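Participant: need the 3D shape of this:
(one chain, ligands or ions: 2)
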Amino acid sequence: MSDPTGPASAVRGYRGSQKLLHWLTVLAVAAQLVVGYNLDLDDGCDPPGEELSGGDTSDAFEDRLDRLEDACEARADSYDLVGGGFDLAELHLVLGLTVLALGVVRPLWRRVAGLPPWSEHLSAAQRRLATWTERALMSLLVLVPLSGLVLVGTGDDAWLPLHIGAHIAFFAALAAHLSTNLRPAVLRRML
Ligand code: HEM
Ligand code: HEM
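Facilitator: Numbers count the residues shown, from 1 in each chain. Ligands and ions are numbered 1, 2, ... in the order given. Reported below is the predicted structural model:
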């Protein structure tokens, strides 16, 4: 929608394929957020006695606690798609990969399919805002899942703030997107 020149101007409205990709993305991201907030950030692996200070425990006792915790974390964090059951963490991974794929395909398809001319219901300032929020949304559709993959790939919790920050930035871009698009005359263009 941001550039009404090129193949875009030949098209009067969004194509069915673009609408489908748009609403599939909304669905996948909404499901992903529900799953994300239901993931257990505290893996529940701190065994009772973990909070005791070194002076209160023997080395053998601490070693045993560490082994229990390691075994529990290995079970909790296993992204084992082939064996065993299918848990929330694996669903989060699969939905994340789906969003990542949509995040790559959409801008490519947008280049091929073109964009319709601007809605006359949007002022010049709103068009500028829409251009930037669409760019931000499309970048974040790649960055949010990538930050999750880095988090899991490195197994280092230091990456968690990036994953959380990226999805909060996504909320900000979405709020701006809705401020220009969530009105009947504009919404109709995507239905
Ligand atoms: C669109 C894509 C994604 C969205 C919207 C998303 C969203 C979220 C949300 C909302 C949380 C909870 C954060 C909190 O409670 O503050 C979360 C946690 C997490 N996400 Fe994602 N995520 C996405 C993709 C991924 C991917 C591809 C992976 C890689 C497997 C991943 C791995 C994780 C991990 C490891 C956690 C922390 C869970 C824990 O420590 O228990 N995420 N995500
Ligand atoms: C995951 C969340 C969302 C993302 C990533 C997203 C992304 C986009 C993008 C990139 C466009 C430009 C057209 C295109 O390239 O396909 C667009 C257009 C549009 N979006 Fe969204 N969107 C999201 C959620 C929503 C929601 C929840 C609504 C309304 C309830 C909405 C309504 C619209 C409308 C009406 C347009 C067409 C605007 C116009 O050209 O007049 N979007 N969206």
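Participant: so does stretch 95-115 get close to ligand 1?
Facilitator: Yes: applying CB under 6 Å from any ligand atom, one finds stretch 95-115 touching ligand 1 at 96, 99. Where you see a C-beta, it was placed from the backbone N, CA and C, and this is true even at glycine.
Participant: okay, now residue 101: neighbour count?
Facilitator: Residues near residue 101, counting by other CB atoms under 10 Å, number 13.
Participant: average pLDDT for stretch 178-185, rounded please.
Facilitator: Here stretch 178-185 scores 96 as its mean pLDDT.
Participant: okay, buried residues for that stretch please.
Facilitator: 180-181 (16 or more other CB atoms under 10 Å).
Participant: contact residues of the protein facing ligand 1?
Facilitator: Counting by CB under 6 Å from any ligand atom, the chain sits next to ligand 1 at 29, 32-33, 36-37, 39-41, 92-93, 96, 99, 144-145, 148-149, 151-152, 163-164, 167.
Participant: and the strand or helix carrying residue 165, how far out from the chain's middle?
Facilitator: Using DSSP states H and E, residue 165 sits in helix 160-181. Between the centre of helix 160-181 and the centre of its chain there are 10 Å (CA atoms, centre = their mean, to the nearest Å).
Participant: buried among the residues of the chain next to ligand 1? Need that as a selection in PyMOL.
Facilitator: To isolate the buried ones among the residues of the chain next to ligand 1 in PyMOL, judged by 16+ other CB under 10 Å, type:
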select buried, resi 29+32+36+92+93+96+99+144+145+148+151+152+163+167
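Participant: ligand 2 next: which of the residues of the chain next to ligand 1 are close?
Facilitator: For ligand 2, the contacts drawn from the residues of the chain next to ligand 1 by CB under 6 Å from any ligand atom are residue 29.
Participant: perfect, I'm done here.
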